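Student: Fold the following and give me the result.
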Amino acid sequence: MPLPTVKTSALRYFSCLRPQDILVLQGSPLLGAVFAIHHAGAFELTSLATLIAANILLVTHIFMLNDWSGLTMDLADPNKADRVFTARGVGRAEMAGLTAALLVLSLILFTHLGPVTLGLALAVAILSALYSLPHFDWKSKPLLNSINHLAGGTLHFLLGYSLGHVIDRRGLTIATFFGLIFAAGHLTQEIRDHEGDAVNGIRTNAVIFGPRRTFAASLVLFTAAQILLSLLALNGVLPRPLAAVVALFAVQLFWSAEALKQGLTFASVSRLQERYRALYAVIGVAMVIALRM
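Tutor: I've put the predicted structure just below:
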């Protein structure tokens, strides 16, 4: 195949990815590794590099599986129709093959990180399949889809934690913080997409219970995460200075009130997502700094 053709094909496939979402979901396992690895030698750095590569492939697979499974519904959603992979010149069969290949490559890399980490990666992939594949369709099962994301977010942190530490009570409690954030963020995404989901008959929490109630539920989960973070810091499970970052939650509450006032539109909720993601990136950096002090 001529070089220009190869380059064009690669660009077509790359345009189907969600680089911002993929980048965001690198934070949890990386922080898990930071919490577990105390002295970064050559072996630990090699394992960390393998984790990053494997997790990028796994997360990319998860998003592509979701896009492949929801193609028909995304085409009917005016907020998504121009961004589906078929609009970028990639066929459904091509997408399926690439999605499967990414999972295989990811799991091959995870085999180099030990059976526990591999098992956690498999569990994350299974949760993704249960959520996205039409045969299971947990996406359309209210509450169950939130439990799926709570479990997925927890396991995702433990992927990194398992590199340098056995899965213990400390790891599970810290992982629960990330699981709560992940589940709360998923509810926010449901609110953002509820108009298109309603048109397609997808029974998300936002469609069944309404955007405002789902928004309240997401805030309850975010609040629970902040309370847990504070308790972990005050009880010495996390560095005590991290209790101070809970004050940043007031900023998120202000942004949430703004989005609510604007009617929880696609644009206002998308803006809220971008803002609180930046906020949690700051919290993540604060965690790294506190652990290394």
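
Student: What segments of this protein are helices?
Tutor: 3-14, 19-24, 27-36, 42-69, 71-75, 92-110, 115-132, 144-164, 169-192, 194-199, 205-209, 211-234, 249-261, 266-292 (DSSP state H).

Student: Between these, which has the poorest mean confidence score?
Tutor: Looking at the helices of the chain, the lowest mean pLDDT belongs to helix 3-14 (a mean of 56).

Student: what separates L228 from S47, distance-wise?
Tutor: L228 sits 28 Å away from S47, taking C-beta to C-beta, to the nearest Å as the criterion. Using the backbone N, CA and C atoms, a C-beta is placed for each residue, glycine as well.

Student: actually I62, not the one I wrote
Tutor: 22 Å.

Student: neighbour count winner among the two?
Tutor: I62 (25 against 21; other C-beta atoms under 10 Å).

Student: Now do the same contact list for that one.
Tutor: By C-beta atoms under 8 Å, 6 or more residues apart in numbering, the residues touching I62 are 124-125, 128, 132.

Student: Let's see that with 7 Å instead.
Tutor: By C-beta atoms under 7 Å, 6 or more residues apart in numbering, I62 lies in contact with S128.

Student: I'd say T214 and N205 touch.
Tutor: Yes - counting by C-beta atoms under 7 Å, T214 touches N205, with 4.8 Å between them.

Student: Common neighbours of these two, please.
Tutor: By C-beta under 7 Å, 6+ apart, the residues touching both T214 and N205 are 187, 190.

Student: So for stretch 77-88, first residue to last residue, what's the gap.
Tutor: 16 Å (C-alpha to C-alpha, to the nearest Å).

Student: How far does it sit from its chain's centre?
Tutor: Counting by C-alpha atoms, centre = their mean, to the nearest Å, stretch 77-88 is centred 21 Å from the centre of its parent chain.

Student: Enumerate the positions of that stretch that are buried.
Tutor: 77, 80, 84-86, 88 (16 or more other C-beta atoms under 10 Å).

Student: Show the average pLDDT along it.
Tutor: The pLDDT scores in stretch 77-88 average 81.

Student: Give me the neighbour count for L143.
Tutor: Other residues close to L143 by other C-beta under 10 Å number 11.

Student: can you start the count at 133 instead of 1 from here on
Tutor: In the new count, where the first residue is 133, that last one comes out as L275.

Student: which residues sit in contact with the closest residue to it other than its chain neighbours?
Tutor: Spatial nearest neighbour of L275, chain neighbours left out: N337 (7.0 Å); criterion: C-beta to C-beta, 6 or more residues apart in numbering. The contact partners of N337, by C-beta under 7 Å, 6+ apart, come to 274, 278, 319, 322, 346.

Student: export those residues to TSV and tack on neighbour count and distance to Q405?
Tutor: Shown next, in TSV, are the contacts of N337 (neighbours: other C-beta atoms under 10 Å; distance: C-beta to C-beta, whole Å):
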residue	neighbour count	distance to Q405
P274	16	21
S278	23	17
L319	26	11
E322	27	12
T346	23	14
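
Student: Going by distance to F354, which of these wins?
Tutor: Checking the contacts of N337 against F354 with C-beta to C-beta, the nearest one is L319 at 9.3 Å.

Student: Can you report how many residues lie near the closest residue to the closest one other than its chain neighbours?
Tutor: Spatially, and ignoring its direct neighbours in sequence, L319 is nearest to S350 (3.8 Å; C-beta to C-beta, 6+ apart). As a burial measure, S350 scores 24 neighbours (other C-beta under 10 Å).

Student: wait, S350 sits on E322?
Tutor: No - look at S350 against E322 with C-beta under 7 Å: they stay out of range, at 8.5 Å.

Student: what's the spacing between M205 and Q158?
Tutor: In terms of C-beta to C-beta, M205 sits 27 Å off from Q158.

Student: distance between stretch 246-264 and the chain's centre?
Tutor: Using C-alpha atoms, centre = their mean, the offset of stretch 246-264 from its chain centre is 14 Å.

Student: count of residues packed around L177?
Tutor: L177: 11 neighbours (other C-beta under 10 Å).

Student: go on, D300?
Tutor: 10.

Student: Need the phi and psi values for it.
Tutor: phi -120, psi -180 (degrees, to the nearest 10).

Student: Roughly how far does it sit from L366?
Tutor: Counting by C-beta to C-beta - D300 and L366 are separated by 20 Å.

Student: what's the answer for G328, then?
Tutor: 42 Å.

Student: Looking at those two, which has the bigger crowd around it?
Tutor: Shown here are G328 and L366; by other C-beta under 10 Å, G328 has more neighbours (19 against 13).
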